[in-house]
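In: fold the following for me, if possible:
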Amino acid sequence: MRNASPRESVVTMTPATSLVFTTLLSHGPLTRAEVGRRTQLSPAAVTKAVRPLMELGYLVEGVDEEARPSVGRPANLVWVDGGKALFIGIKVTGDELIAVLADLCCRVRLSRHVRLTGREPEAVVPALTTLVQELLTEADGFGVRVRGLGIAISGDVDRADGVVRYSPFLEWRDVPLAEIVGTATGLPVTVDNDVRALTVAEHWFGAGVGLSDFALVTVGAGIGCGLVVHGRVVSGAHGVAGEIGHLALDPLGPLCHCGNRGCVEAIAADPAILRAVRAATGKQVTDAAEALALAHGGDPCARAVYARAGEAIGKAIGFLVNIFGPGRVVISGEGLAAYDLFAEGIRDAFAASAFGTASQCDVVTRPLPFEEWARGAVATAIQSFMGSDTYEEWQ
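Out: Prediction:
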């Protein structure tokens, strides 16, 4: 199926077309009138945006029999046909690749985990391309073409050029990942920061649905933050907007890998907590799970380390809310396993640092498995697909 000859049918992706599509993706099925209300587009503009996408099969319109009025015609609904296209998403960690095959509505059809033998590009890229080829073979069974590949990776990522500028956990610098993988797989490739990718998915399908302004803060191997401002995931002029992990809270604090001292990440990320627990207890705990077990077992020194970490996270969220003013902050990441130890410190520090009514911001936790991060990579691939200059119909 993926090698079929294309018959191209082109439609220009205007801002209105993209807006209507994303609205239906997150909130559909909707009537055209409801699409207009949510997007603030005129009926004529909605019709203009919907028509070409329906002709290509990405949108479908039908009757909602359950909403049939007592008098007059039944209500017509428009929705995204998720089965029209497939996408692959891969989350790269220091130890493994987590991949999903998902449809146009970001519904996961299957997932795969592959252990890595090393962190250098020479080890990761061949494993990644082999995994993609396996998923392409699996996709043939669905009879639908794979239209894009999203890769989510930690660090400073230039999405426009598909370059990993710096990933501290992988120790990568200036790796043109999209070009390398695109050449190897023949797919359009979108490479983005993993937290930003997860934020796209949460904005469309998760805790951020319906919110024009919210933040996602991730706690674990690092401290990350994704921002949605006026309904758009933002990265800023230099691609690093929301880097609260590198807010320097204590000039005399522990050295951070970025070169500064007392960064949130140098206090509250898993590696920092592990080092601090070893220093405080004198015990050679080997990983984050052992450090957590020690704290849960009642060791006062270990618990104090987690309390300080929670305070740093809460203070950072307070600063974020003061500057950005989101309606909600979602806390996620593998570090939530320690949330009971963090919670009081986060709550108290946030209350102390949030100014005035900013303290009313809704701060919630949302545990997400790594498959959801891979789904975030799919969301960025769908985003690129929708945001391109043209759509193409393939037979």
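In: so what's residue 185 closest to, chain neighbours aside?
Out: residue 132 (4.9 Å; C-beta to C-beta, 6 or more residues apart in numbering). C-betas here are computed from N, CA, C, even on glycine.
In: any idea how many residues pack against the one you found?
Out: Neighbours of residue 132 under the rule other C-beta atoms under 10 Å: 23.
In: looking at it, it is touching residue 97, isn't it?
Out: No. Counting by C-beta atoms under 8 Å, residue 132 stays clear of residue 97, with 9.7 Å between them.
In: shared neighbours, these two?
Out: Common contact partners of residue 132 and residue 97 (C-beta atoms under 8 Å, 6 or more residues apart in numbering): residue 90.
In: ranges for the helices of the stretch 151-300 of the chain?
Out: 177-185, 194-205, 264-268, 270-281, 288-296, 300-324 (DSSP state H, counting those that start in this stretch).
In: figure out how far the fifth one is from the centre of its chain.
Out: Spelled out, it's helix 288-296. Here helix 288-296 is found 28 Å from its chain centre; the criterion is C-alpha atoms, centre = their mean, to the nearest Å.
In: helix, strand or coil for residue 374?
Out: Here residue 374 takes the helix state, with states given by DSSP: H, G, I helix; E, B strand; the rest coil.
In: neighbours around it, how many?
Out: 32.
In: what residues are up against it?
Out: 89, 90, 91, 98, 99, 100, 111, 152.
In: equivalent analysis for residue 291, please.
Out: 273, 274, 277, 285, 302, 305.
In: can you check residue 354 too?
Out: 317, 318, 321, 322, 361.
In: roughly how far does the fourth one sit from residue 198?
Out: In other words, residue 322. Shown here: residue 322 relative to residue 198, a distance of 24 Å by C-beta to C-beta, to the nearest Å.
In: which one of the two has more residues nearby?
Out: More neighbours surround residue 198 than the other of residue 322 and residue 198, with 30 against 15 (other C-beta under 10 Å).
In: does the more buried one really touch residue 376, like I thought?
Out: Yes. Using C-beta under 8 Å, residue 198 is in contact with residue 376, at 3.9 Å.
In: in stretch 18-28, what's buried?
Out: Of the residues in stretch 18-28, 19, 20, 21, 22, 23, 24, 25, 26, 28 count as buried by neighbour count, 16 or more other C-beta atoms under 10 Å.
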